[in-house]
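Chemist: build me a model from this:
(chains A, B and C)
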Amino acid sequence: MSIDQRLTELGITLPQPAAPVAAYVPAVEASGLLHISGQISVDEGGNLIKGRLGEDMDVDAGTEAARRCGIMLIAQMKAALGSLDRVERIVKLGAFVSSAPSFTDQPKVANGASVLMQEVFGEAGRHARSAVAAPVLPLGVAVEIDAIVAVKR
Amino acid sequence: MSIDQRLTELGITLPQPAAPVAAYVPAVEASGLLHISGQISVDEGGNLIKGRLGEDMDVDAGTEAARRCGIMLIAQMKAALGSLDRVERIVKLGAFVSSAPSFTDQPKVANGASVLMQEVFGEAGRHARSAVAAPVLPLGVAVEIDAIVAVKR
Amino acid sequence: MSIDQRLTELGITLPQPAAPVAAYVPAVEASGLLHISGQISVDEGGNLIKGRLGEDMDVDAGTEAARRCGIMLIAQMKAALGSLDRVERIVKLGAFVSSAPSFTDQPKVANGASVLMQEVFGEAGRHARSAVAAPVLPLGVAVEIDAIVAVKR
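Modeler: Numbers count the residues shown, from 1 in each chain, chains lettered A, B, ... in the order given. The predicted model follows:
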């Protein structure tokens, strides 16, 4: 089964890959690794998912925001590689969660993207990860996640 | 002298590699590089080292927390590679230090892990690094550090 | 035209590469990628550019601070590679912006470094990027940026 078929089975529609909000590009492939720019949380309608965990957003909403970052990462992979079947392995996710100083569940929030990668890519979706807090994120979004992907050559 | 012998000489006992606190894996090898997940600070007894620098933890305690992250990174290398003698070079450490807004000694804290890498791996332990502050970290820990390691093939 | 000539044309003088402020090295090359340590903002006179965006520094000053980080990254590339003509591609910048909790223009600030890379390296300077906030940065600086560069072999 192709990854596109798997996405269909999961009911996931890839959005138009987001244009960078500034002077950079969405992804660069070098030495067999695709480095993907940090993707900020936007909903299916293309609206920013704003908020700060532990303040005005709960863990479930944060987890969904992280899942949306993951979907946009997959859209960027497809745009950069032509086909998602060129994904050999999701190597690393770097998750930044907008957090009040008292909020310590960044791993649960980041799971929104991590679980998605395993749903979509199976064993190849099992990745290393860091998940940390930021006091605020670009445009006020709740979550930003970047990625490193190993590419079939 | 093997790296295991060097650890013994330094009096360092590797802990059981920590299981990820969420839906990801400890390390992924691709293109000659091992990307290791962010390791949070835990003491020899396996208890979380919690705190925020500049608030309820001083630089010495923070440096020790970073050293413990480094020891866990080495434990993850061994688990992922089978032998630490497959480490060709510690390429990069990414250190996140839970910090009050007035605390600016993140580099001193991160040295706890950096000095360790050079003690254990010698020249091969000399790495690039970023060290930044976070307002809070997962589970309330003081330090989280991830790593990239070049692997002998 | 060589990159050195391009720097001259742009009126950019590379500073003495900054020594690490702690126990690590400025850059490590492995598997065709050069990982460069986080470079903190310093002005042409070698003085730290301190501040926190949204508090005591405006976007223009922050953007200039990021540009200075970029210039130091290029100085580190030259020191590590011998010649800037060995730069195949700027792969990724990781930008950390010292920010008050209300400041959300980290992408505009990080553009100071991103625009520079494209001015200096042209198409090869188009990179992936993440830009996030930190509550504070080492020594009180406004911006810290690390980089991954693909190297001609």
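
Chemist: show me which residues of chain A are close to chain C?
Modeler: With Cβ under 8 Å from any Cβ of the partner chain as the criterion, chain A comes near chain C at residues A:20-28, A:30-31, A:33, A:35-38, A:52, A:94, A:96, A:134-140, A:144, A:146. C-beta here means a position set from N, CA and C on the backbone, and glycine is covered the same way.

Chemist: can you tell me which of those residues are in helices?
Modeler: Using DSSP state H, no member of these falls within helices.

Chemist: select only the buried ones of those residues in ChimeraX?
Modeler: Buried residues within these, by 16 or more other Cβ atoms under 10 Å in any protein chain shown, are selected in ChimeraX with:
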select /A:20,21,22,23,24,25,26,27,28,30,31,33,35,36,37,38,52,94,96,134,135,136,137,138,139,140,144,146
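
Chemist: from the residues of chain A next to chain C, which land in strands?
Modeler: If you go by DSSP state E, the residues of chain A next to chain C have A:27-28, A:30, A:33, A:35-38, A:94, A:96, A:134, A:144, A:146 in strands.

Chemist: now, which of those residues sits nearest B:Gly122?
Modeler: B:Gly122 lies nearest to A:Leu33 out of those, by Cβ to Cβ, at 27.2 Å.

Chemist: now for the closest one: which residues touch it?
Modeler: Each residue near A:Leu33 by Cβ atoms under 8 Å, 6 or more residues apart in numbering or on different chains is listed here: A:Val91, A:Ile148, A:Val149, A:Ala150, A:Val151, B:Ala30, B:Ser31, B:Leu33, C:Leu33.

Chemist: how about the third one: what's its closest non-neighbour residue?
Modeler: Nearest-residue entry for A:Val149: A:Leu34, 4.4 Å, with adjacent residues in sequence omitted and distances by Cβ to Cβ, 6 or more residues apart in numbering or on different chains.

Chemist: show me what contacts that neighbour?
Modeler: Residues near A:Leu34 by Cβ under 8 Å, 6+ apart: A:Ala27, A:Val28, A:Met77, A:Ala80, A:Leu81, A:Ala147, A:Ile148, A:Val149, A:Ala150, A:Val151.

Chemist: any idea how far chain B is from it?
Modeler: Per Cβ to the nearest Cβ, to the nearest Å, A:Leu34 is found 11 Å from chain B.

Chemist: just the pLDDT for the residue in chain A positioned nearest to chain B.
Modeler: Going by Cβ to the nearest Cβ, chain B is nearest to A:Ser130 of chain A, at 3.3 Å. We have a pLDDT of 98 for A:Ser130.

Chemist: same thing with A:Ile3?
Modeler: 95.

Chemist: check contacts around it.
Modeler: Residues in contact with A:Ile3 (Cβ under 8 Å, 6+ apart) are A:Ser83, A:Leu84, A:Asp85, A:Val87, A:Val120, A:Phe121.

Chemist: if we go to 6 Å?
Modeler: Residues in contact with A:Ile3, defined by Cβ atoms under 6 Å, 6 or more residues apart in numbering or on different chains, are A:Leu84, A:Asp85.

Chemist: what does the host helix or strand of the residue of chain A closest to chain B rub up against?
Modeler: Taking DSSP states H and E as the definition, A:Ser130 sits inside strand A:128-134. For strand A:128-134, contacts defined as Cβ under 6 Å, 6+ apart pick out A:92-99, A:106-107, A:110, B:24, B:27-28, B:35, B:37-38, B:96, B:134-136, B:146, C:132-133.

Chemist: can I get that strand in CSV, CA atoms only?
Modeler: Provided in CSV are the C-alpha atoms of strand A:128-134 (Å, rounded to 0.1, in the frame of the first residue of the first chain):
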residue,chain,number,x,y,z
ALA,A,128,13.8,10.4,17.7
ARG,A,129,12.4,13.6,19.2
SER,A,130,13.0,16.5,21.4
ALA,A,131,10.0,18.4,22.9
VAL,A,132,10.6,21.6,24.8
ALA,A,133,8.7,24.7,25.9
ALA,A,134,8.9,28.2,24.4
